[in-house]
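Peer 1: fold the following and give me the result.
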Amino acid sequence: MKKNVLILIVICLNLLLFQNCKTDNQEKKQTETISKVKESDTIEIENKEDKITNYSIEVEVIDSLKYNSIKRNSKVLEKNLIKITNINEAKKILNGIVEFDENKDFGENPAVKKIFFRNGKKYQNNNEFDYYFFIAYFPEEDILLCEGGHSTDVSFNLKNGKETEEAGNPDLFIFSPNNKFRLNGSYDGQECNGYFLQVEKNKNFEKIINLEQEVKRQTKISICNIRDGFWSNNNTLYLEKYDFDFEHNKYKYIKIEIIEK
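Peer 2: As a prediction, the model looks like this:
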């Protein structure tokens, strides 16, 4: 009888020991799995943060025959943005965002007094001799276009507070077929537009190339006034530029290839 009790005790102890070992192994495996998941997540996040794309362009001067031939064989995207030029309509839409100066001397195009950008930034015109007058509002881009001295373009991106050098003039936009890139620019008051390229990031467009500067560096051609342009694919832009200084050969044709690194 004593022998049977002893055997039973030994069996119970072994079962208890086995159960504890199994639990320890399960906990160890769970810990290792969680650790691997966390490590994987960390690596993935780090890779996303480290993945920064750099852009450059290659510029080639072509002739009109090649330009027109490629244009005929390209599916040219025409994106017509909604443009609100009626100040009363614009005031209703921008109520609480843009405050206009109600001076009657300004007529139908009042000056911008204050802007309360959607991201919390603020703008206020404190110069009584330098006004920016309303021209249009583009609701799809949330860009307010104004006119400054010497008819210069002055614009405000109401989403992020960026101004003319990055907001540009939506009338000059030319979008790539996939809407990833676009040509942008603004009038500087000296019979010229300043052009640049932008890329879409997180539903905003960011400036990546000063096109006027880079084209001039590579070709010695100033693209002061672009008369026409189109994208043949998502990375290739063709431009026809007009030159006021020459009676003959006023037009030059340029191919711009965007290189992503």
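
Peer 1: pLDDT of stretch 57-74, averaged?
Peer 2: Averaging pLDDT along stretch 57-74 gives 96.

Peer 1: got a list of contacts for it?
Peer 2: Contacts with stretch 57-74, where a contact means C-beta atoms under 8 Å, 6 or more residues apart in numbering, come from 197, 209, 211, 214-215, 218-219, 221, 230-233, 238, 240, 251-259. Glycine gets a C-beta too; all of them are placed from N, C-alpha and C.

Peer 1: repeat the analysis, applying 10 Å as the threshold.
Peer 2: Contact with stretch 57-74 is made by 177, 197, 208-209, 211, 214-221, 223, 228-233, 235-240, 251-259, as judged by C-beta atoms under 10 Å, 6 or more residues apart in numbering.

Peer 1: tell me how far the ends of it are from each other?
Peer 2: Taking C-alpha to C-alpha, to the nearest Å, the first and last residues of stretch 57-74 lie 20 Å apart.

Peer 1: for the protein, just list every one of the helices.
Peer 2: Taking DSSP state H as the test, the helices found in the chain are 2-50, 64-72, 87-93, 164-167, 211-219.

Peer 1: and for the closest residue in space to Val98 that isn't next to it in sequence, the neighbour number?
Peer 2: Among residues not flanking Val98 along the chain, Ile115 sits closest, at 5.4 Å (C-beta to C-beta, 6 or more residues apart in numbering). Neighbour count of Ile115, defined by other C-beta atoms under 10 Å: 21.

Peer 1: what bridges to the most centrally placed residue in the chain?
Peer 2: The centroid of the chain falls nearest to Phe205 when counting by C-alpha atoms, centre = their mean (1.0 Å). With DSSP bridges as the criterion, Phe205 is bridged to Glu200.

Peer 1: follow-up on the earlier one: beta partners of the residue nearest to Val98?
Peer 2: Val98, Tyr123.

Peer 1: many thanks, have a good one.
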